[in-house]
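Visitor: predicted structure and sequence below. I'll ask about it afterward.
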Amino acid sequence: MDVKRINPSQAPEILFWVGCAGSFDQRAQKVTKAFIEILNAVGIDYAILGKEEMCTGDPARRAGNEFLFQMMAYNNIQTLNMYNIKKIVATCPHCFNTIKNEYPTLGGDYEVIHHTTLLQQFIDEGKIKMKDGGEFNGKKITYHDSCYLGRANNIYEAPRKVLETLDAELVELKRCRTNGLCCGAGGAQMFKEEEAGDTRVNLERTNEALETGATTIAANCPFCITMLSDGLKNAEKEAEVEVKDIAEIINDSMVK
Amino acid sequence: MQILQQVLFVLLAGFGFWFFWRNMSKIRRNIFLGRKEDRNDNPSERWKNVFLLALGQKKMFKKPVVAIMHLIVYVGFIIINIELLEIILDGITGHHRIFASMLGGFYTFLINFFEILAVLVIVACVIFLIRRNITKVPRLVSGELMGGWPKQDGNLILIFEIILMSLFLKMNSVDLVLQSREVAHYAQTDTFLISGALTVFFEGYGNGTLVFLERAFWWLHIAGIFFFMNYLAYSKHLHVILAFPNAFYASLSQQGEMANMPAIQQEIKYMMQPELAPTPDTSGATPAEPQRFGAKDAMDLSWKNLLDAYACTECGRCSSACPANQTGKKLSPRKIMMDTRDRITEIGKNIDQNKEFKDDGKTLLNDFITVEELRACTTCNACVEECPVSISPLSIINELRRYLVMEESNAPQEWNGMFSNIENNMAPWKFSPDDRDAWTQS
């Protein structure tokens, strides 16, 4: 597909930080591609780092491995500074949080935004227009707040405003916004088996989403998407309900 | 007789304040056993937090009904304690209701106001007791509050407040009866709203009995207050004081930001740019022992973590929002705070006995908080978001996890795999870094 790569002689207006999930995870790759299609359609000057991008170190840091985190941060900051990057957009709230909040003290100062905020800006500026009678017209959508966009960074409105532009019925989960329940993946849980308990966190959250009666669960994080998709499979609801990233939803519904 | 009462009062008050000061100094010392951390930047933002979070109880209002009842108890207690000033002055000087003649009608207004508040406090405390013991609100009876001291503590505080408030009302009521009989020493005031209605219970007694009762209620009330003040040091009720400094020293960064470790940042920098590394010390002096990475025991935590532990009132909002706790895992953020307080208090006692800390073979990690609890955390910040008094259980969990991984290499197998993937493949999964942009080809 048509993807703009970093040009050593000219920094892009905005760097798209794809993230490890967005690069390697098959489900998350679809989100990456949807977002690229939006960026191409809007015509913004963006670029990706390609092979030069590395894990931000978030899962290592949350698991307790500060050495590994610092090493990844050092290398990434070197790369970003070398290309003279000023602004970064990330489709993963963990990457977003780390680069935005944790890189500045280590010498990496950039304007960092999450893709849902960028999408909202595009809509506000009229750069994205929705199709009439789109796919989500009249359907019930619920929105799952990811911890790292919500509580970690207080971003609750932008994703909702983006979803409101669809002619869909937006129903809130019982626990939403500051009370939002985690999908179970954060803090490096994604990479290990859950501790023994009564149920799994992702099943608890998926059941809550199913209670809303929505046919689409909108998410903003590749890990939430994995956890909630697994939850739907477990509840044998994957045929009736789908989990989609907000970028995918917009890409399907916008005029191109 | 009068002078004896005055002497007794001065002795009681002196002892009460001295003992309180002694215990508070110990708690202060215990808190500063923690690691240094500067939290004095941006004072205007910090004062704002004191007003909004501590004085204004902003986060309590996420549950409005409970918040209003809590506000009544809190405002009631602070305002009624203005009356303490008069009680203390009376106690020392031997006067009776020293402000009554000075303030006139305003005095009646004040006492009426206090009495209404006292009734409201009693009502709220009774409802709180019902919530704890009859309707059994889950977060107030579950997990670490199931039995023993924490459960008793919660009930004792409420019973105490009810007793103190009713003593205040009874004291006023007997006083009114004595005034109506123009007994000497009982200066005339207007009648009071609540205690005036209670006089029927006392009118059948003779003057001698009533004077005795009035004195008994007066003494029990003030002695109870001194006792309650000193009870704080041993109780979760300490939050009435520490919620304020805790709001002032609360973290001002985004909740998602994890505390940096400058020592490791330096080390990585010297590793990547060896030309920046300082030349090795050849003077032969013994180098200072490097600080432990992360926390194994309570002293390895920051002083703010320890202040958090003393400020915790065990309300359980954190645990009832915790995804791990709510799905039946062993982790409970409230228990993390209670364990930290128990451990640092134990260390404090150890220092009192031995002049300095003598190894007791115990540590916060393992002996209080288990690895299984720590592993279950998703770092979702729900506990931090919930806490009405600005506590971060997550910060303690993170420090203990750092110790486990960096000092003990204690991590589940899958995490070790994830670490080595990040180190070798620059991604947490086992994919070749060359394939990072393979998605662009399809």
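Guide: Received the coordinates, thanks. Worth saying up front: this structure is predicted, and the values here are computed from it rather than measured. Numbering: from 1, shown residues only, chains lettered A, B, ... in the order given.
Visitor: which SS state does the residue of chain A found nearest chain B fall under?
Guide: Of chain A, the residue with the smallest distance to chain B, taken as CB to the nearest CB, is A:Ala152 at 2.7 Å. For the C-beta atoms, the positions are set from N, CA and C on the backbone; glycine is no exception. A:Ala152 carries the three-state label coil when classified by DSSP: H, G, I helix; E, B strand; the rest coil.
Visitor: same check, this time on B:Glu86
Guide: Going by three-state DSSP: B:Glu86 is helix.
Visitor: show me the domain layout of chain A.
Guide: For chain A, automatic domain parsing gives the domain ranges A:14-120, A:131-253.
Visitor: what about those, which gets the closest to B:Asn305?
Guide: domain A:14-120 (16.0 Å; CB to CB).
Visitor: any chance you could map the strands in the stretch 51-200 of chain A?
Guide: A:87-90, A:111-114, A:140-143, A:169-171 (DSSP state E, counting those that start in this stretch).
Visitor: what is the neighbour count of residue 212?
Guide: You didn't say which chain, so I picked chain A. 19 (other CB atoms under 10 Å in any protein chain shown).
Visitor: chain B was what I was after
Guide: 13.
Visitor: that older thread, can you tell me the SS state at the nearest residue to the residue of chain A closest to chain B once chain neighbours are set aside?
Guide: In space, and not counting its chain neighbours, A:Ala152 is closest to B:Gly256: 2.7 Å by CB to CB, 6 or more residues apart in numbering or on different chains. Under three-state DSSP, B:Gly256 falls in the coil class.
Visitor: any idea how far B:Gly256 is from A:Pro93?
Guide: Going from B:Gly256 to A:Pro93 by CB to CB, to the nearest Å gives 9 Å.
Visitor: overlap of the contact sets of the two?
Guide: A:Tyr148, A:Ala152, A:Asn153 (CB atoms under 8 Å, 6 or more residues apart in numbering or on different chains).
Visitor: just give the nearest non-adjacent residue to A:Leu203, would you?
Guide: A:Gly231 (5.3 Å).
Visitor: swap in B:Ile111?
Guide: Nearest to B:Ile111 is B:Phe192, by CB to CB, 6+ apart, at 5.2 Å.
Visitor: now do the strands in the stretch 1-150 of chain B.
Guide: So, for the stretch 1-150 of chain B - with DSSP E, counting those that start in this stretch - there are no strands.
Visitor: and the residue of it closest to chain A?
Guide: Closest point on the stretch 1-150 of chain B to chain A, by CB to the nearest CB, is B:Lys62, at 8.0 Å.
Visitor: swap in chain B?
Guide: Closest point on chain B to chain A, by CB to the nearest CB, is B:Gly256, at 2.7 Å.
Visitor: so that residue is in contact with A:Cys95, correct?
Guide: No. Counting by CB atoms under 8 Å, B:Gly256 stays clear of A:Cys95, with 11.6 Å between them.
Visitor: so which of the two has more stuff around it?
Guide: A:Cys95 (28 against 24).
Visitor: what residue spans form the domains of chain B?
Guide: Taken from automatic domain parsing, chain B resolves into B:57-240, B:262-276+B:292-435.
Visitor: using a markdown table, please lay out those together with mean pLDDT and distance to A:Glu242.
Guide: Output for the domains of chain B, formatted as a markdown table (pLDDT from 0 to 100; distance: least, CB to CB, whole Å):
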| stretch | mean pLDDT | distance to A:Glu242 |
| --- | --- | --- |
| domain B:57-240 | 93 | 32 |
| domain B:262-276+B:292-435 | 97 | 23 |
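Visitor: so which of these is the most surrounded?
Guide: domain B:262-276+B:292-435 (a mean of 20; mean count of other CB atoms under 10 Å in any protein chain shown).
Visitor: show me where the stretch 1-150 of chain A has helices.
Guide: Secondary structure of the stretch 1-150 of chain A by DSSP state H, counting those that start in this stretch: the helices cover A:19-24, A:26-42, A:58-63, A:66-82, A:93-97, A:115-124.
Visitor: now do the contacts for the residue nearest to A:Ala152.
Guide: A:Asn97, A:Asn101, A:Tyr148, A:Arg151, A:Ala152, A:Asn153, B:Asn381.
Visitor: can you rerun that using 7 Å?
Guide: Each residue near B:Gly256 by CB atoms under 7 Å, 6 or more residues apart in numbering or on different chains is listed here: A:Asn97, A:Asn101, A:Tyr148, A:Ala152, A:Asn153, B:Asn381.
Visitor: okay, now the closest residue to the last one other than its chain neighbours: neighbour count?
Guide: Setting aside the residues directly before and after it, B:Asn381 is nearest to A:Arg151 in space (CB to CB, 6+ apart), at 4.2 Å. The local packing of A:Arg151 (other CB under 10 Å) involves 26 other residues.
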